[in-house]
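1. Structure, please.
(chains A, B, C, D and E, ligands or ions: 4)
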Amino acid sequence: MAILETKDLTIKFGGHTAVDNVSFTVPEKEFKSIIGPNGAGKTTLFNLLSGQLKPTGGDVYLKGRNVTKLSPAKRARLGIGRSFQITNVFPNLTVLENVRLAVQSKRGIRYIMHRNKSSFREIMDEAHRLIGLVMLTKKTDFLAVNLAHGEKRKLEIAMLLALDTEILLLDEPTAGMSLEEVPAILDVIRKIKEQESKTIVLIEHKMDMIMDLSDSIMVLFNGRLLADDHPKEIMKNEQVQSAYLGGLYDEHTA
Amino acid sequence: SESSSGSGGGSSDKETVKVGVLASLTGALESYGKQTQRGFELGLEYATDGTMEVAGKKIEVVFEDTETKPEVAVQKATKLLEEDEVDFLVGSSSSGDTLAVLPLAEEYEKIMVVEPAVADSITGSEFNPYIFRTARNSSQDAVAGAAAIAKDGVKIATLAPDYSFGRDGVAAFKGAAEKLGAEVVHEEYADPAATDFTSNIQKVIEAKPDYLFVIWAGANSPWNQIADMKLQDKGIKISTGAPDIAALSAMEPLVGMEGFSVYYHELPDNEINDWLVEEHKKKYDGEVPDLFTPGGMSAAISIVEAIKKTEGDLDPDTLIETMEGMSFETPKGKMTFREEDHQALQTLYAIRLEKKEGVPYPVPVLIRELSPEETAPPIMN
Amino acid sequence: MKILQSRSNMFMGIALLILVLFPLFNDSRSMMILLTQIFIFGIFAMSYDLLLGYTGIVSFGHAMFFGIGAYSTGIFLDRMEPTMMWFFISLLAGFAVAGIVSYIVGLLTLRLKSHFYAMLTLAFAGLFLVLAEKWRTLTFGNDGFTFRTPDFMKDRMTFYFACLAVMAAVYFILKRFTQSPAGSVLQAIRENEQRAESLGFHVLHYKIIASVIAGVLASLAGSLYAISLRFVNTSVFTMDITLDALLMTIIGGVGTLIGAIIGAGLIEFAHHWLTELAGTYPIFERWIIFFGILYILAVMFFPAGIVGSLRKIGSKKKTVKKHRPEEKKIAG
Amino acid sequence: MSTLLKVENIETYIGQYHILQGVSFEVKKGEVTVLLGRNGAGKTTSLRSIMGLTPPSSGKIIYKGEEIQGLPTFKTADKGIGYVPEDQGIFGDLTVEENMKVAMRKQDVETKDRMNWIIDLFPDLKKFWKKAGGNLSGGQKQMLSIARAYLNDNDLILIDEPSKGLAPIVVEKVMESIVEMKERTTILLVEQNFIMASKIGDRFYIIDDGKTVHDGQMEMLVKDDDMKKKYLGIA
Amino acid sequence: MDLIINLALNGLATGMLIFLLAAGLTLIFGLMDVLNFAHGGLFAWGAYSGVWLYALTDSFVLGIIGAVVTGLILGMVTEKFIIQPVYGNHVQQILITLGFMLILSELLKVVWGPNQLSARAPEYLAGSWVIGDVIIIKYRLFIIATGLFIFGVVQLILKKTKVGLVVRAGVMNKEMVEAFGINIKKVFMYVFMVGSALAALGGILLAPYSGVIYAEMGMEFAILAFIVVVIGGMGSFPGSLFAAILVGMTGSFMTYYVPELSLAVNMILMALVLIFRPQGLFTVKG
Ligand SMILES: Nc1ncnc2c1ncn2[C@@H]1O[C@H](COP(=O)(O)OP(=O)(O)OP(=O)(O)O)[C@@H](O)[C@H]1O
Ligand SMILES: Nc1ncnc2c1ncn2[C@@H]1O[C@H](COP(=O)(O)OP(=O)(O)OP(=O)(O)O)[C@@H](O)[C@H]1O
Ligand SMILES: [Mg+2]
Ligand SMILES: [Mg+2]
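-> Ligands and ions are numbered 1, 2, ... in the order given. A predicted model of the protein is given here:
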């Protein structure tokens, strides 16, 4: 069954159609990657899925339910969680507080006004666990604004994991992360995919990573859906080769 | 401490009389506050012949700045009543501050001489028996204004700022003017903070009155625009109260207008005023007393006279009894505290603004004195 | 963290105790009135801090709620009877009006970005000022009116204790609130609204909650203010009142609550002393200049407000100590 | 080849944190020098220290024989140093055109030529010439950021992770452009994409925990699996 | 018809005057994003110094020049000592500029005394022409012309140079602008000085318009200027001009036709604009 589906999803910014009649489905527990040139509309598509933007046409369905008109908050509660391409954290809160807030939301603790937040032990523990998972333990009490770029990316991932949604939308999670640590993060993602049976949609430009993880790959070009197929098939696609990959990966993937 | 409970009786054996004066010594009304302050000091000097003593008691004065904020006024008044244990309060420069302090006078059972706040409600709806006012009130102004121009068959339009001061003033003026047979054909109210009054003036022009009576206070004023809109050419004469000297200098365009004045140092013809002008000049570098200086002086004189009469008895009930109906000489002639509402009836002046050689502002020239009886306002408490 | 927390709790306990005992040892009523004034403005500034410090909302119209409280108490006690019952009814009336207004203003305006929200609140407060001016049958316009207070609160000492108790209660309630899960979402919104939304928090709900709580507490402060003066006029709706709250909050340190109280205390005391000096020494005649200098110095030396800056110094010492064993190179 | 920039044992604090604890490296004219190291090692801080954005508290930075440590940023830039920051530093409310205009220091023929060259390199920019920088896609922002640094006649450009967020084909173009410019402009590069770094880099320095721990010719590193494993975690 | 012309003409003139008051703030608040509560103080200082010089020399032109110079000098001092430490921090800006505002307006009283000063238009600008029922006040024509002139000059500078861009970029990301070799500190200082000079100019031009100046005028008009900048759209010069004229015109017509609302007219206008067009009437392109 398709957990996530779009029908003729379209958004125009002024005269420019950033996402153009895109219809696709993501089956439950699938790992789907999205590739495409810069400005193809990948991030915008995510924004439409998670509700940051409202489409000028078309619909988004979550488990068969039309969620097109719902706010990002509602969609997050219904199970669509996302990370952001441009680091998007709470700058003047600590790493712990950043993650804790996400755990808190997951647990549905929203309007409790009379108890101290630290009295929710399980939440604290969970937050600490996640910080460990993304290798940020040393920076637990740092303000997010003071982290190095790669560290912020990790925090971003921890916050997404904390939300523990059924669907994870990952927008270039490892951009700027160091070589050494990419594999570790990939491990985390892979484990989540396997053990916790999540549906994952990933935007990446790192082809080796995509080939390694994906069940299927979707290609966006100029806002339009060019192909949605098995990774092997996609790599054979000529347009993908010439207009997206160029020469760089030839020798490497060969 | 005995005075906090309000039993003022015990204080009659004190060696000193303490007076607390509340005034705006900073902020927008600073110049008014300073006039009151100077006037009050000179008034004490005059009334005690420089001894600063009355009925064998030394007079001490404490000035406090209300900053034209009611909460500060209350704080300062309480300080005066509690810590300085004053026997009289005097003040204040704004009606709001004064109104906020009125209940304290009653609570602490101390006489408060209101000067120069004008709101009618002070001696009207908010009146309590401890309140005496040497200042004239809005209604007196209005009656004086009416007396200067209202006659049978005269059509008058009014222009006033759109807040209590203006609205009350116009209401009182209308009553007085209609009593004299005039007709108020249009009431125009303007945003006091506006920069442009031409739309208001336009409406006045359309009402085709014989007179435009303007009630105005505050720095921002419509005079320029009234002149620019050529009302006088259209046969509409302007009338208003002459303000303090600083504001007079903005009234150049209105030279020739007939109206009234509360005080200008050349208007009253009596010895006290002569003394005031002379001493003031001596003390303050040639400056002449201004609009509210004689008010401050009158307040001081009224207090000294009252104590003289009670022979040093500072018991508030005795004082009230003494002061009700008491007459005393001031730079503006004889004033009398009316028994019913403790408002001092006083002389006001019908004047014409004229240009005078060597004076950089138009000068109010006396047409005639408006006697205290003539300008007596209705009793409203 | 814990130690710091418990130490500051101890300081606060001592301060509270001193304030409770104060009237028993001091018979200066004007000092008592000054302190009462500080308590009232402390409540008002704390309510503002909830907006500015915790939710990141700048409002230029907070006086609106203060005025609503002041007028409802004034009008009820004047028109009805000066009894405690009517006082409580007037409080509730103030809460209701302030709550509704802050809800509507919140709904209309919290979608706006900072300046625009600030200016819109300025506009609304301006409209209330005009209303108070124009509805003369009820408000007596700009001059305002005096009224009698309930006998219970007539005594300044009783009123002092009442205000102290209310301030302490408001402080603890707000402290609880800001440290609760819901309160921490407010801070998240302050930091990054869009991200908070995408975590599943309904930003508008929280902003409205903050706005309504702040509005109601400001109205409470306004009611007490009216009682303390036994008089109310349009000045309660002016920009000056909003600026007072703003200055007190900022000087004390935004986002600290206690800072709001300290700010209120500092400003009121500085004011008191400066005007006193003005009475004694002629060079202080222009004491307002010194007041201005005080603000400037506050920014220079306490950029995060008094409480905020002290805390920073405190935590800096703490982290340096903590890091020293691990990272030897950290210079003292 | 002559040394264009020499960084000698700089130490940098941010607030009370001791971030750089002795970083040294040399950039030779006409070469591409790469700084490597894991997250939080201090690469970005090194570039910022050179630019004067986080001035070092000790050590020397010598550019064209002149000490420039502690100079205000604009003076450093004025000496012909361009900078592509890690977070791209796009002026979000300004259009692409305006972003370029702010960066443009001269309006001579050369600049015009370079402008044309840049537009050839990143045709997307021309396409979105009048669009607000903040509305660009992540990759487009990166292109704009690089473009702004290419616009002026710089002798040295500091580039912080240019490949981040760019499609493979664009990464390739950027690499080509760097090689193409070598004649005129020297590059100091921070890069996590090892394929890219190894292809265009001449010399490398590895920074770890705020210190330079290793350096050498790029070919050496490519061959030296042990070292790659030790410092970069890759084989 | 004559009535409409009268109202429109006066509304336009008042609008232009408001524009002159707000022009400086459009730079300082709109463009540089500094919540400058001391703006009214700069404005009042311009008015006082200008009127004083005008009275002393009997030359209005010298008065204007004096005001502008005062504005420049005060602007430099203010920027250096008050604003520079708090760029980008609105909370600190509010506190420090309010403090400075107190000092500025209190110092006015130290120098010129607590009384209001009166000012009249010079002979050649005084009085009015009457054409039928239309009354044209000469000074108002002068204000309209000056307003247009200032608008033109500033607009030209902003369009022809990249100063405007650099300032906006500097507000968004100061470090990056510096990394392009621009001394943003200096640019900010000059723009702030020009903003203050414009404020001062507004002050001296207001003086003959209303006839009097007083120390408290600063705060009153600063709020009006803030309203105009926000309604017009932050940092947009055409926006400010349009908003100012809108405020002037609405004031003029509402006072005539709906006097009950005249006190509230500015607030209502601002509320409506903000509710229905939250970004302001003109948003800066980009
Ligand atoms: N808010 C917006 N307003 C106008 N145009 C926009 C907006 N957001 C995105 N766009 C445009 O839509 C197109 C798609 O942008 P998007 O961010 O989705 O690209 P992307 O595929 O994620 O690219 P990248 O790989 O570079 O991140 C781009 O041309 C971008 O300029
Ligand atoms: N403002 C700051 N306050 C405190 N610590 C900081 C601050 N800025 C950076 N740091 C710390 O300095 C260290 C070095 O940061 P830097 O950004 O130079 O790393 P980097 O090598 O560029 O890492 P990345 O590859 O993740 O970009 C990091 O540990 C970071 O947490
Ligand atoms: Mg993207
Ligand atoms: Mg980095």
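2. The stretch of helix or strand residue D:176 belongs to: how far from the chain's middle?
-> Residue D:176 is part of helix D:168-181, with elements assigned from DSSP states H and E. Relative to the centre of its chain, helix D:168-181 is centred 14 Å away, using Cα atoms, centre = their mean, to the nearest Å.
3. Same question for stretch B:185-194.
-> The answer for stretch B:185-194 is 22 Å, by Cα atoms, centre = their mean.
4. same question, stretch C:244-264
-> Once both centres are worked out by Cα atoms, centre = their mean, stretch C:244-264 turns out to sit 7 Å from its chain's centre.
5. Between the two ends of it, how far is it?
-> One end of stretch C:244-264 to the other measures 8 Å (Cα to Cα, to the nearest Å).
6. average model confidence for it?
-> Mean per-residue pLDDT for stretch C:244-264: 92.
7. which stretches of chain D form helices?
-> Counting by DSSP state H, chain D has helices at residues D:43-51, D:73-78, D:96-103, D:109-121, D:123-127, D:138-150, D:168-181, D:194-200, D:218-223, D:225-227.
8. so which of those gets nearest chain B?
-> Nearest to chain B, of all these, is helix D:96-103, at 36.6 Å by Cβ to the nearest Cβ. All C-beta atoms are positioned from the backbone trio N, CA, C, and that covers glycine.
9. The closest one vs ligand 1: in contact?
-> No: Helix D:96-103 lies out of reach of ligand 1 by Cβ under 6 Å from any ligand atom, never closer than 9.5 Å.
10. coming back round to it: residue A:49 is nearest to which of the helices of chain D?
-> helix D:138-150 (16.7 Å; Cβ to Cβ).
11. average pLDDT across that closest one?
-> Averaging pLDDT along helix D:138-150 gives 92.
12. Then stretch C:181-201?
-> Stretch C:181-201 comes out at a mean pLDDT of 90.
13. Report the buried residues of that stretch.
-> Neighbour-count burial for stretch C:181-201, with 16 or more other Cβ atoms under 10 Å in any protein chain shown as criterion, is recorded at C:181-193, C:195-201.
14. Any idea how many residues pack against the residue nearest to residue C:213 when sequence neighbours are not counted?
-> Among residues not flanking residue C:213 along the chain, residue C:50 sits closest, at 6.2 Å (Cβ to Cβ, 6 or more residues apart in numbering or on different chains). A count of nearby residues for residue C:50, using other Cβ atoms under 10 Å in any protein chain shown, gives 27.
15. With the one 4 residues further on instead?
-> Residue neighbour count, defined by other Cβ under 10 Å, stands at 24 for residue C:54.
16. Can you tell me how far it is from ligand 4?
-> Separation of residue C:54 from ligand 4 (Cβ to the ion, to the nearest Å) stands at 32 Å.
17. Check what pLDDT that residue gets.
-> pLDDT at residue C:54 comes out at 90.
18. domain assignment for chain A?
-> Taking the TED database as the reference, chain A has its domains at A:1-79+A:165-253, A:86-164.
19. Just put the ones you listed in a markdown table and tack on distance to ligand 2, mean neighbour count and mean pLDDT.
-> Putting the domains of chain A into a markdown table (distance: least, Cβ to the nearest ligand atom, whole Å; neighbours: other Cβ atoms under 10 Å in any protein chain shown; pLDDT from 0 to 100) gives the following:
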| stretch | distance to ligand 2 | mean neighbour count | mean pLDDT |
| --- | --- | --- | --- |
| domain A:1-79+A:165-253 | 6 | 19 | 86 |
| domain A:86-164 | 3 | 20 | 86 |
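20. so which of those domains gets nearest residue B:269?
-> domain A:86-164 (73.7 Å).
21. Identify the residue spatially nearest to the residue most central in space within chain D, adjacent ones excluded.
-> Centroid-nearest residue in chain D, with Cα atoms, centre = their mean: residue D:159, separated by 1.4 Å. Nearest non-adjacent residue to residue D:159, counting by Cβ to Cβ, 6+ apart: residue D:84, 4.4 Å away.
22. Correct me if wrong: the one you found contacts residue D:145.
-> Yes: contact criterion Cβ atoms under 8 Å: residue D:84 and residue D:145 qualify, at 5.2 Å.
23. Distance check, the residue in the stretch 151-286 of chain E positioned nearest to ligand 2 against residue E:90.
-> The minimum distance from the stretch 151-286 of chain E to ligand 2, using Cβ to the nearest ligand atom, falls at residue E:175 (12.6 Å). Per Cβ to Cβ, to the nearest Å, residue E:175 is found 19 Å from residue E:90.
24. How about residue E:72?
-> Distance of residue E:72 to residue E:90, given as Cβ to Cβ: 25 Å.
25. List, one by one, the residues from chain D near chain C.
-> D:13, D:16-18, D:21 (Cβ under 8 Å from any Cβ of the partner chain).
26. distance of the residue nearest to the spatial centre of chain A from residue A:95?
-> With distances taken as Cα atoms, centre = their mean, the residue of chain A nearest its centroid is residue A:170 (1.7 Å). Plainly put, residue A:170 is 19 Å away from residue A:95 if you go by Cβ to Cβ.
27. Over to residue A:130?
-> Per Cβ to Cβ, residue A:130 is found 10 Å from residue A:95.
28. about what we covered before: closest to chain A among the residues of chain D next to chain C?
-> Nearest to chain A among these is residue D:17, at 7.7 Å by Cβ to the nearest Cβ.
29. While we're on that closest one, how confident is the model there?
-> The score at residue D:17 is 87. That number is its pLDDT.
30. mind listing what the closest residue to residue D:5 other than its chain neighbours touches?
-> Spatial nearest neighbour of residue D:5, excluding adjacent residues (Cβ to Cβ, 6+ apart): residue D:27 at 4.1 Å. When contacts are counted by Cβ atoms under 8 Å, 6 or more residues apart in numbering or on different chains, residue D:27 touches D:3-6, D:33, D:156, D:186, D:188.
31. hmm, back to that, now for the residues of chain D next to chain C: which two are most distant?
-> It's D:16 and D:21 that sit farthest apart of the residues of chain D next to chain C, by Cβ to Cβ, at 13.9 Å.
32. So for these two, which sits in the more crowded spot?
-> residue D:21 (17 against 13).
33. Now do the contacts for the more buried one.
-> Listed by Cβ under 8 Å, 6+ apart, the contact set of residue D:21 reads C:329, D:11, D:209-211.
34. For chain D, what lies in contact range of chain A?
-> Neighbours of chain A within chain D, by Cβ under 8 Å from any Cβ: D:14-15, D:17, D:37-41, D:44, D:86-87, D:124, D:128, D:135-140, D:142-143, D:161, D:164-173, D:192, D:194-195, D:232-234.
35. Tell me how many other residues crowd the nearest residue to residue B:161 once chain neighbours are set aside.
-> Counting by Cβ to Cβ, 6+ apart, residue B:161 lies nearest to residue B:192, which is 3.8 Å off, once chain neighbours are set aside. Applying other Cβ under 10 Å, we find 20 residues neighbouring residue B:192.
36. In contact with residue B:192, which residues?
-> B:161-163, B:166, B:218, B:220.
37. if you set the cut-off to 10 Å instead, what comes out?
-> Residues near residue B:192 by Cβ atoms under 10 Å, 6 or more residues apart in numbering or on different chains: B:160-163, B:165-166, B:216-222, C:142, E:263.
38. Can you point out the buried residues in the lowest-mean-pLDDT helix or strand in chain D?
-> The weakest-scoring helix or strand in chain D, judged by mean pLDDT, DSSP states H and E, is helix D:225-227 (a mean of 78). Under the neighbour-count criterion of 16+ other Cβ under 10 Å, helix D:225-227 has nothing buried.
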